[in-house]
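Q: return a 3D structure for these sequence lines:
(2 chains)
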There are 2 protein chains.
Amino acid sequence: MPDSTRIAILAHEKFPGRAKTAVGLLRYADHEVVAVLDREIAESDPDARVNDYVPDVQDAPIVGRAADAPEYDVLVVGIAPIGGGFDESWRPDVETAIESGADVWAGLHYFLAEDEGFADLAAEHGVDIWDVRRPPEDLTVAEGTAGDVDATVVLTVGSDCSTGKMTATMELVEAARDRGWDAGFVATGQTGAMIAGEGIVVDRVVSDFTAGATERMVLDAAEDDDYVFVEGQGSIVHPAYSAVTCGILHGAMPDALVLCHEAGREVVHGYESFSLPDPGSLVSLYEGLAAPVHEGSVVAGSLNTQGLDDAAAADAVAGYADAIGAPAVDPVRDGAGPLLDAIGEVEGE
Amino acid sequence: MPDSTRIAILAHEKFPGRAKTAVGLLRYADHEVVAVLDREIAESDPDARVNDYVPDVQDAPIVGRAADAPEYDVLVVGIAPIGGGFDESWRPDVETAIESGADVWAGLHYFLAEDEGFADLAAEHGVDIWDVRRPPEDLTVAEGTAGDVDATVVLTVGSDCSTGKMTATMELVEAARDRGWDAGFVATGQTGAMIAGEGIVVDRVVSDFTAGATERMVLDAAEDDDYVFVEGQGSIVHPAYSAVTCGILHGAMPDALVLCHEAGREVVHGYESFSLPDPGSLVSLYEGLAAPVHEGSVVAGSLNTQGLDDAAAADAVAGYADAIGAPAVDPVRDGAGPLLDAIGEVEGE
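A: Residues are numbered from 1 along each chain as shown, chains lettered A, B, ... in the order given. Predicted coordinates:
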């Protein structure tokens, strides 16, 4: 994927608070965002811009429909309704994009390439539809080879969902590249895949292929890079999602783990009757589960301190570092430098 | 599924050594097996019977084709070639079955219900094709509720694949019913599902739904039974299959675990560069991983001592019990009684 890809991001009525993929792309993708589509915002303020809502990302106009966006190469569906269906009110935007010769990327459960109308139109205009959640058809079980790569493999793991694993991974990749390291990014979720322009949404593959899908991506990335940063998913103590987490852990065979947590979170989000273990216990659990397949230690921690003031955040980070027995930061506040220092001391195998 | 279902089992050229599903059905299913189809055996010995090859299971004639079998309600495809495809040489048998009004059950990766020829023929004759590996279409993520059921949930877990988890589960169910316990069986693999006449092949579901599929089956079984025995899969230290194992562990939320192992196995089957942890470490790993979601202890062990003489088997079982700190048996040799005694002391939640 060339860095010069120009994208327009559909985020109707959800930007920015409920448009995680859109904001992730604005913050971390090398793609040039030429517009965000949010008809609600555009209607109330025709001159609205992204930075009016999210200050620290690349700026772009907010427009009401695809036809009003500057020229772009890809239309990204950057939101998903509950259930992951396609909202028919978006159809004119997708059609406009295809008719203008743009590709379409979507992370919905509903596959746009299987929508007869879109498929026919895309064929007519010679454009591609990438349903990011659709797994490759040739996945297999893991062969147990990711531990043999000639690169240091780093995996972000978490106490829970939505603790900042993707964010920490992206901050690590950017900081590593700033230091001149050859650093690759393995995307395991839809936002990450759209940022990278490639990846497999691991929670969507056949359960038996969870580790195999991860392994394949790690092997690919390790061909080019000395450091491979793998985006983790879920948590090994999550009542619903631990299978995905465990498959990624054993498929990636990381040399180093970065444990991601949100300050103050004590129960599983959405499953509040389940308490989270203390961070030190989580370190033992992850290392204990990894070891029989491939030895890997928690070398650093990433703490999401969003909403805390600077002093409280500093306290929380210090307490977290103490609890996990390793350096910790909030990478969004402080940068990922101290995490990279810890990773730099790890020997890849 | 009524107990009186009459089945014929297709196992061409693989009975009994490479026909695990066929042998499992003969040993554990309540279905009446009216014939095994193995054209190689039938050709060399027209009077061959199952007990000539497997002595301690229900007996039946071995015939060369479906047309030669006594009347049956279901034809089961009881073998799978590497890759899970359909062998075209079996087509006449499946067609004969459908034309005679019999249902067809198959555990192949290739779904017979999507084979136009079979689908049309089945519609014409009003019979059902059950592709056991096909997941239900309405699976969801787990809700985290299996721990709330009013039954004692028991899960077999293993050091590796093929250590006797299904066998131990079936022996436990049979022994429990012999004692008059209300005991349900949750099938998570294709052989188990065919024995039970229902079940979800968990390794085939979308990774995100691994725990959810298991949870659904446990909730269903717990409605009718005081004890629910869940067939485990894989191992949490398996480089390829641990995702499935972890999802079943957290989806089922067992009150008691039975750790299954094969005497003498020291490395992962098919992944021989990976050593197995000692059994005591495995107990800690399983209990540690289970605890944050639902407390469950390894209360007993099942050791596969196939191939050992009686004295060596007794030694191996004693050593294994010592290593895991819990009672152990080879349930095929000794019956599951001592395992049930341990389970009977567990309080369900």
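
Q: low-confidence bits of chain A, can you list those?
A: Residues of chain A meeting the criterion pLDDT under 70: A:1-3, A:347-349.

Q: how close does the spatially most central residue of it get to A:Ala80?
A: Closest to where the C-alpha atoms of chain A average out (C-alpha atoms, centre = their mean) is A:Gly192, at 3.3 Å. In this structure, A:Gly192 and A:Ala80 are 15 Å apart, going by C-beta to C-beta, to the nearest Å. Glycine gets a C-beta too; all of them are placed from N, C-alpha and C.

Q: tell me the contacts of A:Gly158?
A: By C-beta atoms under 8 Å, 6 or more residues apart in numbering or on different chains, the contact list for A:Gly158 reads A:164-165, A:232, A:234-235, A:245, A:259-261.

Q: what about chain B: which of the residues you listed touch it?
A: Taking C-beta under 8 Å from any C-beta of the partner chain as the test, chain B is in contact with A:Thr245 out of these.

Q: and the gap between A:Val205 and A:Leu108?
A: A:Val205 sits 17 Å away from A:Leu108 when distances are taken as C-beta to C-beta.

Q: who's more crowded, these two?
A: Set side by side, A:Val205 and A:Leu108 show unequal neighbour counts under other C-beta atoms under 10 Å in any protein chain shown, the larger going to A:Val205 at 26 against 20.

Q: the more buried one is in contact with A:Leu139, isn't it?
A: Yes: with contact taken as C-beta atoms under 8 Å, A:Val205 and A:Leu139 are classed as touching, separated by 5.8 Å.

Q: so what sits against both of the two?
A: Here A:Val205 and A:Leu139 share the contacting residues A:Ala213, scored by C-beta under 8 Å, 6+ apart.

Q: ok, back up a step: what helix or strand does the residue nearest to the centre of chain A sit in?
A: helix A:190-196 (DSSP states H and E).

Q: which helices and strands sit right next to the next helix or strand after that helix?
A: Past helix A:190-196, further along toward the C-terminus, the next helix or strand under DSSP H and E is helix A:210-224. Using 3 or more C-beta pairs under 8 Å, 6 or more residues apart in numbering or on different chains; DSSP states H and E as the contact criterion, the elements in contact with helix A:210-224 are strand A:183-186, strand A:227-230, helix A:242-252, helix B:242-252.

Q: can you map out the strands along the stretch 1-150 of chain A?
A: Taking DSSP state E, counting those that start in this stretch as the criterion, the stretch 1-150 of chain A carries its strands at A:6-10, A:32-37, A:62-63, A:74-77, A:103-106, A:129-131.

Q: how is chain A partitioned into domains?
A: Segmentation of chain A into domains, based on automatic domain parsing, reads A:6-131, A:146-344.

Q: hmm, A:Glu13 is touching A:Asp38, no?
A: Yes: the pair A:Glu13 and A:Asp38 passes the contact test of C-beta under 8 Å, sitting 6.6 Å apart.

Q: give me the more crowded residue out of these two.
A: The residue with more neighbours, out of A:Glu13 and A:Asp38, is A:Asp38; 27 against 13, by other C-beta under 10 Å.

Q: do I have it right that the more buried one meets A:Gly17?
A: No: using C-beta under 8 Å, A:Asp38 is not in contact with A:Gly17; the gap is 11.2 Å.

Q: which neighbours do those two share?
A: Overlap between the neighbourhoods of A:Asp38 and A:Gly17 is empty, taking contacts as C-beta under 8 Å, 6+ apart.

Q: up against chain B, what does the stretch 1-150 of chain A have?
A: With the criterion set to C-beta under 8 Å from any C-beta, the stretch 1-150 of chain A comes near chain B through A:141-144.

Q: CSV please, covering those and showing neighbour count.
A: Rendered in CSV, the data for these read as follows (neighbours: other C-beta atoms under 10 Å in any protein chain shown):
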residue, neighbour count
A:Val141, 20
A:Ala142, 29
A:Glu143, 17
A:Gly144, 24
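
Q: tell me the contacts of A:Phe274?
A: Shown here is A:Phe274, whose contacts under the criterion C-beta under 8 Å, 6+ apart are A:237, A:239, A:267-268, B:144, B:292-293.

Q: so where do the helices sit in chain A?
A: In order along the chain, chain A carries the following helices (DSSP state H): A:20-28, A:39-44, A:50-53, A:91-99, A:116-125, A:165-178, A:190-196, A:210-224, A:242-252, A:279-290, A:310-324, A:331-334, A:337-344.

Q: deepest-packed of the ones you listed, please.
A: Each of the helices of chain A was assessed for mean neighbour count using mean count of other C-beta atoms under 10 Å in any protein chain shown. The highest is helix A:242-252, with a mean of 32.

Q: report the angle between that helix and helix A:279-290.
A: Calculated by axes from the mean of the first three to the mean of the last three C-alpha atoms, to 10 degrees, helix A:242-252 forms an angle of 60 degrees with helix A:279-290.

Q: hmm, back to that, output the strands of the stretch 1-150 of chain A in a markdown table, with mean neighbour count appended to each entry.
A: Below are those laid out as a markdown table (neighbours: other C-beta under 10 Å):
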| stretch | mean neighbour count |
| --- | --- |
| strand A:6-10 | 26 |
| strand A:32-37 | 24 |
| strand A:62-63 | 24 |
| strand A:74-77 | 27 |
| strand A:103-106 | 25 |
| strand A:129-131 | 21 |
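
Q: A:Val54 is nearest to which of the ones you listed?
A: When the strands of the stretch 1-150 of chain A are compared by C-beta to C-beta, strand A:32-37 sits nearest A:Val54, at 9.6 Å.

Q: now the closest one against helix A:20-28, angle please.
A: Strand A:32-37 and helix A:20-28 meet at an angle of 150 degrees, taking the same axes, to 10 degrees as the criterion.

Q: which other residues reach strand A:32-37?
A: Contacts with strand A:32-37, where a contact means C-beta under 8 Å, 6+ apart, come from A:4-12, A:15, A:22, A:25-26, A:50, A:58, A:60-66, A:68-72, A:78, A:93.

Q: now do stretch A:9-29: distance from first to last residue.
A: 12 Å (C-alpha to C-alpha, to the nearest Å).

Q: contact partners of that stretch?
A: Among residues not part of stretch A:9-29, those counted as contacts by C-beta under 8 Å, 6+ apart are A:7, A:31, A:33, A:35-41, A:50, A:53-54, A:56-58, A:60, A:62, A:66, A:75-80, A:87, A:89-90, A:93-94, A:107, A:166, A:170, A:174, A:190-192, A:194-195.

Q: distance from stretch A:101-120 to the middle of the chain?
A: The chain centre lies 21 Å from the centre of stretch A:101-120; the measure is C-alpha atoms, centre = their mean, to the nearest Å.

Q: and if you look at stretch A:176-194?
A: So, by C-alpha atoms, centre = their mean, the centroid of stretch A:176-194 is 9 Å from its chain's centroid.

Q: please see if that stretch touches chain B.
A: No: Stretch A:176-194 lies apart from chain B when judged by C-beta under 8 Å from any C-beta; the minimum separation is 10.6 Å.

Q: output that stretch as CSV, restricted to C-alpha atoms.
A: Taking only C-alpha atoms (Å, rounded to 0.1, in the frame of the first residue of the first chain), the coordinates of stretch A:176-194 have been written out as CSV:
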residue,chain,number,x,y,z
ALA,A,176,10.8,2.4,16.6
ARG,A,177,10.8,3.8,13.1
ASP,A,178,11.8,7.2,14.5
ARG,A,179,14.8,5.5,16.1
GLY,A,180,15.7,3.9,12.7
TRP,A,181,14.7,0.4,13.6
ASP,A,182,13.2,-1.8,10.9
ALA,A,183,9.8,-2.2,12.5
GLY,A,184,6.9,-4.1,11.1
PHE,A,185,3.3,-4.0,12.2
VAL,A,186,1.0,-7.1,12.3
ALA,A,187,-2.6,-6.1,12.3
THR,A,188,-5.1,-8.5,13.9
GLY,A,189,-8.1,-6.2,14.0
GLN,A,190,-10.0,-4.2,11.4
THR,A,191,-8.8,-0.8,12.3
GLY,A,192,-5.2,-2.0,12.4
ALA,A,193,-5.7,-3.7,9.1
MET,A,194,-7.0,-0.5,7.4
